[in-house]
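J.: got a sequence here, can you build the structure:
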Amino acid sequence: MESRRDINAIQKQLKLLKENNQRSLEYLSAIQLLMVEDNNGKSKDSGLSTNFNNLSSKLNHLSEEIELLMNNIDR
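T.: Numbers count the residues shown, from 1 in each chain. Here you go, the predicted structure:
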């Protein structure tokens, strides 16, 4: 991409996407803590835990993809 203005705009949007994704991961972690029993660290609902783990994995993958995009645009 040749237009510096376009590159800057894309970088700005990717930075916002990265920040929003990070917040989503934090919210998800807070929810996961609520799903664990206090006395023995066991999950209150294994099915939901599986769903949350899958979502967490996908959000982590999204973070990696955002980083790749950011690195490729910086070239």
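J.: wait, residue 56 sits on residue 30?
T.: No. Look at residue 56 against residue 30 with C-beta atoms under 8 Å: they stay out of range, at 11.8 Å. The way it works is simple: take the backbone N, C-alpha and C, and place the C-beta from them, glycine included.
J.: and the two? which has more neighbours close in?
T.: Between residue 56 and residue 30, counted using other C-beta atoms under 10 Å, the more crowded position is residue 56 (16 against 9).
J.: residues contacting that one?
T.: 25, 28-29, 32 (C-beta atoms under 8 Å, 6 or more residues apart in numbering).
J.: can you map out the strands along this protein?
T.: Using DSSP state E, the chain contains no strands.
J.: mind listing what's buried in the lengthiest helix in it?
T.: Ranked by residue count under DSSP state H, the longest helix found in the chain is helix 4-34. Using 16 or more other C-beta atoms under 10 Å as the test for burial, helix 4-34 gives 17-18, 21, 25, 32.
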